[in-house]
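Engineer: for reference, the sequence and a predicted model appear below.
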Amino acid sequence: MESALNPYSPGSGRRPIELAGRDPEIDTFDLLMAKIRQRRPDRGMILHGLRGVGKTVLLNEFRRQAERADYMVITLEGRDANGGPEAVRAKLARNLLQAGRKHNNKNAGAKLKTALGSLASFSAKLGVTGIDIGVTLNQGRADSGSIEVDLEEMIEDLTGALAENRSGLIFIIDEMQDLDTGLISALLSVQHQANQREWPFYIAGAGLPNLPGILSESRSYAERLFTYRSIGALAAEAAESALLVPAAKFGVSFEKEAKDMFLRASAGYPYFIQEYGYAAWETAPEKVINVADAKIAIEIGRQQLDQGFFPSRWDKATKAEKTFLRHMAKDGEHGSSTSELADRAGKKQSSMTMTRSALINKGIIYAPSVGRVAFTLPGMAEYITRLSH
C-alpha cells in the first residue's frame, strides 16, 4: 500500500483521522462555547490521565472549536524545556500579546482596545515586550507585580470587553500539573472570580491522573470549578473504530483475528493503536490485513515504541532512578507501595524519598495516593521488563 496514503498518525498531539470515543468530551466543550455565546455561566474542563491517551489531541480540538467561534484563545504548556517557572510565565505573556494583536483589528471597539492595554501592562510586568499590539499600557492596571492580582485585573478587563460581542477568553493549558504553585493558585482564584461574577473566562486543562489532587491542594474549591474527565484507554467499540475506520476509507480491511491481535496489543490506548496501525499499513502487501501481517506489524510497532515512546522517559533517569523503576516494574501497571519498594531494595523508605521526588519531577511516575507511585506511561512496566531480558 502507498505510504503517502497511510491514514494513521502516531505522534504527540496529532489528530487521528478517526477521533473515536471522545464525543462526550468534545460535546461538553461545544456546549460550553454555546453557553458563552448566550451569556450563561458554566464550568471549565479538566482532563486527566496517563500519557498517550489523547489528552493533547482533545485540547487541540477544543482550541479549534474556540477559534472557530472567534473567542480569544491562549495556549500554554505547564513546563518549558528551556527554563523554569519564569519561562512558562513569559510564554504566557507572549501568547497573550499574540492573541491581543490578532484581536486588535478593525472590528475591535474602544472598550476592547482599552482592555488590551491591561493585557500589555500584564505582559510588560512579566518582562515581555517587543510585540506591538497597537495599544498603550494601562498604568495602574494589571501591573502590581502580584501574579494573582494582575491576572485577575487583566481578565476582568478583557472579558468585560469580549462579552459585549458575546465572545470570551479561553485558556488551553497542557501538562497543567507542571505549572508553578503560584501560577496554579492565581489561575484557580481568577476562575473562581469569573464563575461568581459571570465573566466569560474558562480554563480547559489537561494533565496526569494526579492533577485533580494538585488543584484541590492549591485551592479547596477547585473541585467545584471544573468538569473533570478521566481520559483512559478506549472502550472496545471505540478502539475498534480507531483501528478500522481510517483503513476502510482507503478500501483496506482486517481479518477478525488480525483485528483482535491489534486491539489486544494496543490495550485500547490511542497512541498505540496509531503506532500499530501505521506499521500494518507500511508492511501489509494486500488490502486485507491478515494474521501474518498483524504479527509482523505488532513487532515493528513495539520496536518503534521501544525506540521512542518509552526511552523518552527512561533515558532521563539516573542509575539509581532506573533501579527504583525496575523495582516498580515488578508490580506491573497498577502502581507500587513505596514501603514495599523500600523492602524490595533493602533500604529505609526515607532514603528513597529523593529518588521518588526526582522521578515525579521528571514526569516518569506520579503519586496516585499517599504511599503509592505509578508509571505515567501505559506499558512502561512491560518495557522495563523487556530491557531486563
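Structural biologist: That came through fine. Residues are numbered from 1 along each chain as shown.
Engineer: helices or strands up against the helix or strand hosting Ala99?
Structural biologist: According to DSSP states H and E, Ala99 maps onto helix 85-103. When contacts are defined as 3 or more CB pairs under 8 Å, 6 or more residues apart in numbering; DSSP states H and E, helix 85-103 packs onto strand 72-77, helix 110-125, helix 181-197. From N, CA and C alone the C-beta is placed, and that goes for glycine too.
Engineer: ok, and what's touching it?
Structural biologist: 72-80, 83, 112, 116, 119-120, 122-123, 126-128, 131-135, 147, 154, 179-180, 182-183 (CB atoms under 8 Å, 6 or more residues apart in numbering).
Engineer: filter those down to the buried ones.
Structural biologist: Taking 16 or more other CB atoms under 10 Å as the criterion, what is buried in the contacts of helix 85-103 is 72-80, 112, 116, 119-120, 122-123, 126, 128, 133, 135, 147, 154, 179-180, 183.
Engineer: doesn't Ala367 fall inside a strand?
Structural biologist: Yes - judged by DSSP: H, G, I helix; E, B strand; the rest coil, Ala367 forms part of a strand.
Engineer: what does the pLDDT read for the nearest residue to Thr318 once chain neighbours are set aside?
Structural biologist: Closest residue in space to Thr318, ignoring its immediate chain neighbours: Ala358 at 7.5 Å, by CB to CB, 6 or more residues apart in numbering. We have a pLDDT of 95 for Ala358.
Engineer: so Ala358 makes contact with Glu321?
Structural biologist: Yes - Ala358 is within contact range of Glu321, at 6.1 Å (criterion: CB atoms under 8 Å).
Engineer: related to what we said a few turns ago, the helices and strands packed on helix 85-103: which one's closest to Glu282?
Structural biologist: Smallest distance to Glu282 across the helices and strands packed on helix 85-103 (CB to CB): 30.8 Å, for strand 72-77.
Engineer: on contacts alone, who are the packing partners of that closest one?
Structural biologist: Using 3+ CB pairs under 8 Å, 6+ apart, strand 72-77 is in contact with helix 55-68, helix 85-103, strand 169-174.
Engineer: could you measure from the residue lying closest to Phe250 once chain neighbours are set aside over to Ile298?
Structural biologist: Among residues not flanking Phe250 along the chain, Leu5 sits closest, at 5.8 Å (CB to CB, 6+ apart). Distance of Leu5 to Ile298, given as CB to CB, to the nearest Å: 21 Å.
Engineer: circling back: could you redo the helices and strands packed on strand 72-77 as JSON lines and give each row mean pLDDT?
Structural biologist: JSON lines is the format used below for these (pLDDT from 0 to 100):
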{"stretch": "helix 55-68", "mean pLDDT": "95"}
{"stretch": "helix 85-103", "mean pLDDT": "94"}
{"stretch": "strand 169-174", "mean pLDDT": "97"}
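Engineer: OK, contacts around Ile231?
Structural biologist: Here Ile231 is in contact with Arg22, Glu25, Leu47, His48, Gly49, Val53, Gly54, Lys55, Leu58, Ala206 (CB under 8 Å, 6+ apart).
Engineer: one step back: what's around the residue nearest to Phe250, how many residues?
Structural biologist: 10 (other CB atoms under 10 Å).
Engineer: give me the spatial nearest neighbour of Lys295, chain neighbours excluded.
Structural biologist: Met261 (7.3 Å).
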